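>>> no FASTA, just this:
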């Protein structure tokens, strides 16, 4: 079974629209290919909104899915601390031999602008964050679409 965990920020209208768009793309391709799947897209996961939702409840709910998933998408350019923690949990599993597919995404147009690099590059990402991916030979993607295309090839989806 393909068990996808889709990690990224959920705080702005743009974040919410993007996570919903991503979820719809997963569902469409997996159902069209008659694949057995579970999609843990946190924006769509049910929580009891009739009471105060604690940080502990959010962590435990998401952590359960991180432990069950075998496919991960991470939107990392936003600097969302929760997404970074989820990535850390996943990298630990990966480094301990779990068979996982990991699709990290750094969507930031400044990365591609004018070929700027080094001190001229208008942004920078934490070396430990990038290093946990490069040290494990995990491909880094520039967009969700690029990562999604790789996912469809990895799982022979049409």
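Received it, and whenever you're ready, just let me know what you need. These numbers come from a predicted model, not from an experiment.

>>> for this protein, what spans make up the strands?
2-7, 37-40, 71-75, 101-105 (DSSP state E).

>>> for these, which one sits closest to residue 132?
Closest approach to residue 132 among these (C-beta to C-beta): strand 101-105, 9.2 Å. To be clear about C-beta, it is placed using only N, CA and C from the backbone, and glycine gets the same treatment.

>>> regarding this structure, what is its longest helix?
Under DSSP state H, the helix in the chain containing the largest number of residues is helix 13-32.

>>> what comes into contact with it?
Identification of contacts with helix 13-32 by C-beta atoms under 8 Å, 6 or more residues apart in numbering yields 2, 4, 6, 8-10, 37, 39, 41-44, 73, 75, 78, 144, 148, 152, 157-158.

>>> where's the closest residue to residue 1 other than its chain neighbours relative to residue 42, distance?
In space, residue 1 comes closest to residue 36 once its chain neighbours are excluded; the distance is 4.6 Å by C-beta to C-beta, 6 or more residues apart in numbering. Per C-beta to C-beta, to the nearest Å, residue 36 is found 21 Å from residue 42.

>>> neighbour count for the two, which is higher?
Taking other C-beta atoms under 10 Å, residue 36 and residue 42 do not tie; residue 42 has more neighbours (21 against 8).

>>> which stretches of this structure form helices?
13-32, 55-68, 81-95, 127-134, 144-154.

>>> and the last one with strand 71-75, angle?
Angle of helix 144-154 versus strand 71-75, following axes from the mean of the first three to the mean of the last three C-alpha atoms, to 10 degrees, is 170 degrees.

>>> starting at the chain centroid, how far to helix 144-154?
12 Å (C-alpha atoms, centre = their mean, to the nearest Å).

>>> nothing else from me, thank you.
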